[in-house]
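J.: fold the following.
(one chain, ligands or ions: 1)
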Amino acid sequence: MQAQAASPIILAENLSKVYRSGRIEVPAVRGVSFAVQRGEFVAIVGPSGSGKSTLFYLLGGLTQASSGRVVIDGVDFATLNDAQRTQLRRHRIAFVFQKFNLLPTLSAMGNIEVAYSVSGRKEPLDRAYLDHLSDMLSIKGRLVHRPSELSGGEQQRVAIARALVTHPSIVLADEPTGNLDTKNSDVVLSMLQHCNRELGQTVLMITHNPEAAAIADRILHMRDGEIVRVEKGRGGGSHSTGQAETGRSAQV
Ligand SMILES: Nc1ncnc2c1ncn2[C@@H]1O[C@H](COP(=O)(O)OP(=O)(O)OP(=O)(O)O)[C@@H](O)[C@H]1O
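T.: Residues are numbered from 1 along each chain as shown. Sure, this is the predicted structure:
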């Protein structure tokens, strides 16, 4: 495979994942190659079962590829042991999921603090930045409450603050607006846009929602475990170069 001039922050090369259950094999991701440039906003869309979440887990190092490789900022996941992989994930990547995954016994603030401490950063939590995020996400007055006392939209906004307060270089979001009404979806998408445009963070978002996908620089369409089409989004960032070789035919 040809080397690329610009080094992508995320590189997937000939990536495949086959789930095996007894004698049954499900090829969920089939030979996918693409690159995401630093500061790019990429959306992944596709019908249910097309392999979006599996690709997401592979890119985040949450599951191991059956073949092919994922390289994050020059580091190949396959060269790392479990502890190193966790370390890379915690330092570079923030995850946002459709289900907010907040710990029920802790307040919103407690959730953010625990996640920050688990992230293993040496510097103390940036309270001023958290204040800024809380303002942007309109959750300032809600941080003392437990998840059960928050609406779904508020819970997701807390989850976004929790993800962003670590200043991650990559934000991976799996259906972040999937459980939200339009108003809350708009807040979440604006926040992702903000961290991409103003803070230069790389965002990769899976979505079923064409409106949400349209804010990206690039939209990758998946079907049957493959990327079948690449489309330019409204984001129009200037980063969409340097696709891996096999993704080139679909490049915009
Ligand atoms: N743990 C698993 N074991 C076996 N098969 C799985 C597993 N997880 C996913 N699959 C199968 O892999 C294929 C891709 O699933 P995946 O969840 O990645 O798709 P998706 O595009 O994210 O779907 P959705 O939009 O419905 O979430 C599907 O056929 C699914 O049934």
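J.: need the three-state assignment for the residue nearest to residue 137 when sequence neighbours are not counted.
T.: Closest residue to residue 137 apart from its sequence neighbours, by C-beta to C-beta, 6 or more residues apart in numbering: residue 157 at 4.1 Å. All C-beta spots, glycine's among them, are computed from the backbone N, C-alpha and C. Here residue 157 is recorded as helix under DSSP: H, G, I helix; E, B strand; the rest coil.
J.: what residues are up against residue 157?
T.: 137-139, 184, 187-188, 191 (C-beta atoms under 8 Å, 6 or more residues apart in numbering).
J.: next, see if the helix or strand containing residue 11 gets close to the ligand.
T.: Element membership of residue 11 [criterion: DSSP states H and E] is strand 10-21. Yes - legend: contact between strand 10-21 and the ligand by C-beta under 6 Å from any ligand atom is shown at 19, 21.
J.: neighbouring strands for that strand, and are they parallel or not?
T.: strand 24-36 (antiparallel), strand 67-72 (antiparallel) (DSSP bridges).
J.: chain center to the longest one: distance?
T.: Its chain's C-alpha centre and that of strand 24-36 lie 17 Å apart, by C-alpha atoms, centre = their mean, to the nearest Å.
J.: any idea which helix or strand comes after it?
T.: strand 41-45.
J.: just want the angle from that following strand to strand 24-36.
T.: 150 degrees (axes from the mean of the first three to the mean of the last three C-alpha atoms, to 10 degrees).
J.: got the CA positions of the next helix or strand after strand 41-45 in CSV?
T.: The C-terminal neighbour of strand 41-45 among helices and strands, as given by DSSP H and E, is helix 52-59. Only the C-alpha atoms of helix 52-59 are listed here, as CSV (Å, rounded to 0.1, in the frame of the first residue of the first chain):
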residue,chain,number,x,y,z
LYS,A,52,-21.3,0.9,11.5
SER,A,53,-21.1,0.1,15.2
THR,A,54,-18.6,-2.7,14.6
LEU,A,55,-16.4,-0.3,12.6
PHE,A,56,-16.8,2.2,15.5
TYR,A,57,-15.6,-0.4,18.1
LEU,A,58,-12.7,-1.3,15.8
LEU,A,59,-11.6,2.3,15.4
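J.: what's in contact with helix 52-59?
T.: Under the criterion C-beta under 8 Å, 6+ apart, residues 10, 12, 15, 17, 19, 28-29, 32, 44-46, 62-65, 70, 172, 174, 204, 206, 222, 225 lie in contact with helix 52-59.
J.: near the ligand, anything from that helix?
T.: Yes - judged by C-beta under 6 Å from any ligand atom, helix 52-59 and the ligand are in contact via 52-54.
J.: so which of the residues you listed wins on neighbours?
T.: The most crowded member of the residues of helix 52-59 next to the ligand, judged by other C-beta atoms under 10 Å, is residue 54 (25 neighbours).
J.: coming back round to it: of the contacts of residue 157, which belong to helices?
T.: Under the assignment DSSP state H, the contacts of residue 157 contribute 184, 187-188, 191 to helices.
J.: just the closest of these to the ligand, please.
T.: Closest approach to the ligand among the ones in helices among the contacts of residue 157 (C-beta to the nearest ligand atom): residue 188, at 17.9 Å.
J.: surely that closest one meets residue 161?
T.: No - using C-beta atoms under 8 Å, residue 188 makes no contact with residue 161, being 11.0 Å away.
J.: what distance do you get for residue 138 to residue 211?
T.: Distance of residue 138 to residue 211, computed by C-beta to C-beta, to the nearest Å: 21 Å.
J.: nope, residue 84 is what I meant
T.: Taking C-beta to C-beta as the measure, residue 84 falls 38 Å from residue 211.
J.: near the ligand, which residues of the chain?
T.: Going by C-beta under 6 Å from any ligand atom, the residues of the chain near the ligand are 19, 21, 26, 28, 46, 48-54.
J.: now render the residues you listed as JSON lines, adding pLDDT.
T.: Output for the residues of the chain next to the ligand, formatted as JSON lines (pLDDT from 0 to 100):
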{"residue": "19", "pLDDT": "96"}
{"residue": "21", "pLDDT": "88"}
{"residue": "26", "pLDDT": "94"}
{"residue": "28", "pLDDT": "97"}
{"residue": "46", "pLDDT": "95"}
{"residue": "48", "pLDDT": "94"}
{"residue": "49", "pLDDT": "95"}
{"residue": "50", "pLDDT": "96"}
{"residue": "51", "pLDDT": "96"}
{"residue": "52", "pLDDT": "96"}
{"residue": "53", "pLDDT": "95"}
{"residue": "54", "pLDDT": "97"}
